[in-house]
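A.B. asks: quick one: sequence plus predicted model below, questions after.
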Amino acid sequence: MRRLFYLFIALLLVSRGFAQQNVSPFTMDDIKNWTGTGPNRAALAVQWVTGEDPTELVAEDIHFLVWGYRWEDGEKPSALDMIRAVAQNDSRFYVMLGDAGKDPVIWGFGYDADNSGSFSLLNKTTSVTIKQDQFVDGVVSLKADPDGFRPVDVADYWMGGWKEYYCSYYTGPVGNEAPSTADFQYSQFGASQRYLTNGSWDAWTLSAIDYVSEQNTPPVSKLMQAAEANDPTGNESLSFSDTKAYYSARTLFMENMNNYTCRIVSMNGSVVKYFLVRDEKEVLPVNLQKGIYILSAVKGNKSVSYKFVVND
């Protein structure tokens with residue numbers, strides 16, 4: 001599945017607002033969350049898409065987070081070693097492993113995006129729920145079908161699968177600067193079979209199983225962001241009585257939420273609006289169909305959520 005039509009992708013990215021002017025490329029020096037010690041460095045990048053279609057590359061729905069991994073001279077870590085270590089070190093990051101032969105494969109990645117301190121998955125098709133305490137050191141091994149899972153908290157990130165969607169693995173040229181979309185290549189090895197070198201870049205995206213076009217979802221390098229460093233003091237939560245947010249007459253009214261990144265999520269898990277609050281008092285018209293919604297807002301290690309009903 002390596003046939004990526006890069007001209008088409010480039011045009012798509014520009015048309016969807018990805019063209020950025022005077023933006024410095026992401027580098028390993030920008031990484032905030034590091035695991036391990038030693039002079040050798042590698043980057044782990046995971047690209048979540050929270051829109052209705054997880055392979056539809058709309059900038060506001062892409063959350064492309066990057067972690068760093070270090071190791072000592074003489075060691076020979078694999079990409080899977082890096083993933084396991086990062087999952088153990090960052091309490092917000094989770095990975096699902098499965099069996100597809102003699103070596104474990106990556107079936108999914110999760111992230112406690114609202115920093116609520118909990119992460120669980122639900123599969124309504126199979127009535128399977130995977131709770132946080134089942135992720136030992138951030139890792140869970142699953143024997144069942146990994147397709148169809150969603151995060152219980154709709155504000156969190158999840159991507160995974162095997163027969164409908166799968167986690168596609170890309171590697172890029174070594175160096176301090178992140179490879180461009182065109183420079184990332186689909187990996188010829190699984191995570192347990194690829195060994196890191198100093199300056200390695202590993203990226204994971206979610207692709208649909210497509211035997212006709214054999215296209216995969218590319219990493220959108222320009223949207224890379226550093227995963228937040230671990231917070232030794234724990235999570236800080238605010239109530240919406242403090243922030244004074246409420247919904248009325250197709251309008252969201254928000255106070256004391258300046259610089260919060262917000263999402264409006266329907267009860268089926270679809271993100272219907274994504275925005276940044278820019279003022280201490282902000283009025284946002286929203287045209288929503290009848291139903292129940294959750295407004296989730298994050299700023300650093302602070303998180304708030306608000307449930308509201310649209311009746312008209």
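C.D. replies: Here it is on my side, so go on. Keep in mind the model is a prediction, meaning the values are calculated, not measured. Numbers count the residues shown, from 1 in each chain.
A.B. asks: in the stretch 51-200 of the chain, which spans are strands?
C.D. replies: Along the stretch 51-200 of the chain, counting by DSSP state E, counting those that start in this stretch, strands occupy 62-71, 93-99, 104-111, 121-123, 128-130, 139-141, 150-151, 157-160, 165-172, 185-186, 200-208.
A.B. asks: let me have those in JSON lines, extended by mean pLDDT and distance to Q225.
C.D. replies: In this view, the C-beta of every residue, glycine as well, is placed from N, C-alpha and C. Shown next, in JSON lines, are the strands of the stretch 51-200 of the chain (pLDDT from 0 to 100; distance: least, C-beta to C-beta, whole Å):
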{"stretch": "strand 62-71", "mean pLDDT": "96", "distance to Q225": "6"}
{"stretch": "strand 93-99", "mean pLDDT": "93", "distance to Q225": "14"}
{"stretch": "strand 104-111", "mean pLDDT": "94", "distance to Q225": "12"}
{"stretch": "strand 121-123", "mean pLDDT": "93", "distance to Q225": "23"}
{"stretch": "strand 128-130", "mean pLDDT": "91", "distance to Q225": "26"}
{"stretch": "strand 139-141", "mean pLDDT": "94", "distance to Q225": "23"}
{"stretch": "strand 150-151", "mean pLDDT": "93", "distance to Q225": "19"}
{"stretch": "strand 157-160", "mean pLDDT": "96", "distance to Q225": "13"}
{"stretch": "strand 165-172", "mean pLDDT": "96", "distance to Q225": "17"}
{"stretch": "strand 185-186", "mean pLDDT": "96", "distance to Q225": "22"}
{"stretch": "strand 200-208", "mean pLDDT": "96", "distance to Q225": "13"}
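A.B. asks: in this protein, which residue is closest to the centre?
C.D. replies: Centroid-nearest residue in the chain, with C-alpha atoms, centre = their mean: W48, separated by 3.4 Å.
A.B. asks: look up how far W204 lies from that one.
C.D. replies: Distance, W48 to W204, using C-beta to C-beta, to the nearest Å: 9 Å.
A.B. asks: joint contacts of these two?
C.D. replies: Residues touching both W48 and W204 comprise F109, with contact defined as C-beta atoms under 8 Å, 6 or more residues apart in numbering.
A.B. asks: what bits of the chain have low per-residue confidence?
C.D. replies: 1-23, 100-101, 211-214, 231-242, 267-269, 301 (pLDDT under 70).
A.B. asks: give the contact list for L288.
C.D. replies: Applying C-beta under 8 Å, 6+ apart, the residues near L288 are 250, 264, 272, 310.
A.B. asks: can these go into TSV with extra columns for distance to D53?
C.D. replies: Formatted as TSV, the contacts of L288 follow (distance: C-beta to C-beta, whole Å):
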residue	distance to D53
R250	26
I264	18
V272	13
V310	23
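A.B. asks: make a ChimeraX selection of the buried ones in the residues you listed.
C.D. replies: For the buried members of those, the matching ChimeraX selection, counting by 16 or more other C-beta atoms under 10 Å, is:
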select :264,272
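A.B. asks: and stretch 77-96, what's buried?
C.D. replies: Those would be 77-87, 89-96, for stretch 77-96 by 16+ other C-beta under 10 Å.
A.B. asks: K32 is nearest to which of the strands of the stretch 51-200 of the chain?
C.D. replies: K32 lies closest, by C-beta to C-beta, to one member of the strands of the stretch 51-200 of the chain: strand 62-71, at 8.2 Å.
A.B. asks: direction included, what does that closest one pair up with?
C.D. replies: strand 34-35 (parallel), strand 40-49 (antiparallel), strand 224-226 (parallel) (DSSP bridges).
A.B. asks: closest one to D147 among those strands?
C.D. replies: Nearest to D147, of all those, is strand 40-49, at 16.3 Å by C-beta to C-beta.
A.B. asks: how many neighbours does Q134 have?
C.D. replies: 13 (other C-beta atoms under 10 Å).
A.B. asks: grab the nearest non-local neighbour of it.
C.D. replies: Nearest non-adjacent residue to Q134, counting by C-beta to C-beta, 6 or more residues apart in numbering: V140, 5.3 Å away.
A.B. asks: mind giving me the domain split of this structure?
C.D. replies: 6-226, 236-310 (automatic domain parsing).
A.B. asks: of these, which stretch is the most buried?
C.D. replies: domain 6-226 (a mean of 18; mean count of other C-beta atoms under 10 Å).
A.B. asks: chain center to that domain: distance?
C.D. replies: In terms of C-alpha atoms, centre = their mean, to the nearest Å, the centre of domain 6-226 is found 7 Å from the chain centre.
A.B. asks: which parts of the chain are helices?
C.D. replies: 6-15, 79-89, 240-243 (DSSP state H).
A.B. asks: the longest one packs against which elements?
C.D. replies: Pointing back at helix 79-89 there. strand 34-35, strand 40-49, strand 62-71, strand 93-99, strand 104-111, strand 139-141, strand 200-208 (3 or more C-beta pairs under 8 Å, 6 or more residues apart in numbering; DSSP states H and E).
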